[in-house]
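Engineer: Any chance you can model this:
(one chain, ligands or ions: 1)
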Amino acid sequence: MKDLMPINGLFEMPALPYEALGTIISKETLSFHHGKHLKAYVDNLNKLLPGSGLENLPLSEVVRKSEGGMFNNAGQVLNHAMYFEQFSNTPKAMSPKFAVLLERDFGSVEAFKKEFEQKGTTLFGSGWVWFSADAQGKLVITQQKNAENPVTMGLTPLLTFDVWEHAYYLDYQNRRADYLAALWQIVDWAIVESRLC
Ligand code: MN
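Structural biologist: Sure, this is the predicted structure:
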């Protein structure tokens, strides 16, 4: 996973590599989600870092070592950095080699997607559905509340769908399942697969 490194003790806004994602995620949603929600998490984290003893650590280390407000904001910066990075208007398809890993651990690529969507749909309240690798390389799907990230469980996070309402309400209103099902069209598997190393 590509980690975020602070510059002079502070984190910069993770880039948004596109303005809109076709009909899947609108420009309006992205402008609020990246420009307002993520911006607030970055600003709050940078206010909490000085004097915390966690300055100058990579972001995933801040997430592992913090709690309370610091954890919530650091977690949300890491989660959103991964979320926005993994999508593209010209997404790369899954490699046959990676599909074999999904078949090994989930039976089929379709079964994996179905379980991922189901875990995203049934997560109560705000949170994230995550696809990760454990220390032995086994692929797992987890439901995580609020700002949680699988790095705190010793997992390597590969892919995540944000199920906070702010991620989809402008485009899909209450139809979270439709939002989750649509996201597969913009997942760049080259990025997801690169996180396994
Ligand atoms: Mn979000």
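
Engineer: so which strand or helix has the residue sitting furthest away from the middle of the chain?
Structural biologist: Using C-alpha atoms, centre = their mean, the residue of the chain lying farthest from its centre is Gly51. It sits 27.8 Å away. Gly51 belongs to no helix or strand when assigned by DSSP states H and E.

Engineer: What's the per-residue pLDDT of it here?
Structural biologist: Note for Gly51: predicted pLDDT of 94.

Engineer: Next: Leu158.
Structural biologist: 98.

Engineer: ok, back up a step: could you pull up phi and psi at the residue farthest from the centre of the chain?
Structural biologist: phi 80, psi 0 (degrees, to the nearest 10).

Engineer: how close does it get to Glu165?
Structural biologist: Counting by C-beta to C-beta, to the nearest Å, the separation of Gly51 from Glu165 is 34 Å. C-beta coordinates here come from the backbone N, C-alpha and C atoms, glycine included.

Engineer: same check, this time on Val63
Structural biologist: 23 Å.

Engineer: higher neighbour count, those two?
Structural biologist: Neighbour tally, Val63 and Glu165, criterion other C-beta atoms under 10 Å: the higher count belongs to Val63, 25 against 14.

Engineer: Sweet, I'm off.
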